[in-house]
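Enquirer: Got a sequence here, can you build the structure:
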Amino acid sequence: MFRGYSSINLDDKGRLAVPTRYREQLQACCERQLVVTLAVDERCAGQSGCLWLYPLPEWEKLEETISKQPTLNKMASKLRRFVIGNASECELDAQGRFLLPEKLRKLANMEKKVVLVGQLKKFEIWNEDAWLAQEQAFMNGDDTEGLEELGNITF
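Expert: As a prediction, this is how the structure comes out:
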């Protein structure tokens, strides 16, 4: 399970260095094989600056789930088109870096400062300013709609 927050600078080539604390786990679970794609959560999609990063086995589970959806279902078609269609396989190099494809960097407004956020079975990669805005909205109570639906969770 991936948890925690890391502030990272993309290098001049658009590579992201995965924090050391995750590298061994990524080696064990996916032999450093990852998939990065557009995020589709309403708070992450498009111009707000977020991508999803999956270990390959978790990505394959998502693909299998999406592939079982009816072809004529509009949302399933959008998932195939934008999430699967923009997916890019990547591999951690010996220094624990991988290249964020230029197209995805542009779509998510990622230039230099990004944030890697553990989301249990995947990561979110955020434009740092977009992440800080989302975090501040949550801390202010502006972005807690639906929290009561998780009634069985005690914090």
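
Enquirer: Can you classify R23 as helix, strand or coil?
Expert: Classification of R23 using DSSP: H, G, I helix; E, B strand; the rest coil returns helix.

Enquirer: I figured it hits Q95, correct?
Expert: No. Contact criterion Cβ atoms under 8 Å: R23 and Q95 do not qualify, at 9.6 Å. C-betas here are computed from N, CA, C, even on glycine.

Enquirer: Show me where the chain dips below the pLDDT cut-off.
Expert: Along the chain, the parts satisfying pLDDT under 70 run over 42-48, 143-155.

Enquirer: 80 instead, please
Expert: Counting by pLDDT under 80, the chain shows low-confidence ranges at 41-49, 142-155.

Enquirer: From the chain's centroid, how far away is stretch 51-59?
Expert: 8 Å (Cα atoms, centre = their mean, to the nearest Å).

Enquirer: An error on my part: the question was meant for stretch 76-88.
Expert: Distance, stretch centre to chain centre, for stretch 76-88: 14 Å (Cα atoms, centre = their mean).

Enquirer: who's in contact with it?
Expert: Here stretch 76-88 makes contact (Cβ atoms under 8 Å, 6 or more residues apart in numbering) with 35-38, 40, 52, 59, 62-63, 66, 69-71, 101, 103-104, 107.

Enquirer: in that stretch, what's buried?
Expert: Going by neighbour count (16 or more other Cβ atoms under 10 Å), the buried part of stretch 76-88 is 76, 79-80, 82-84, 87.

Enquirer: Stretch 124-141 now?
Expert: Using 16+ other Cβ under 10 Å as the test for burial, stretch 124-141 gives 124-128, 130-131, 133-134.

Enquirer: Find the pair from the residues you listed with maximum spatial separation.
Expert: Using Cβ to Cβ, the buried residues of stretch 124-141 span at most 15.5 Å, a distance reached by I125 and A133.

Enquirer: how about the most centrally placed residue in the chain, what does it touch?
Expert: Residue closest to the average C-alpha location in the chain (Cα atoms, centre = their mean): W52, at 1.8 Å. Listed by Cβ under 8 Å, 6+ apart, the contact partners of W52 are 36-39, 44, 83, 122-125.

Enquirer: which stretches of this protein form helices?
Expert: For the chain, the helices defined by DSSP state H occupy 20-30, 56-67, 74-78, 102-107, 128-139.

Enquirer: Of all those, which one is nearest D11?
Expert: Checking the helices of the chain against D11 by Cβ to Cβ gives helix 102-107 as the closest, at 11.9 Å.
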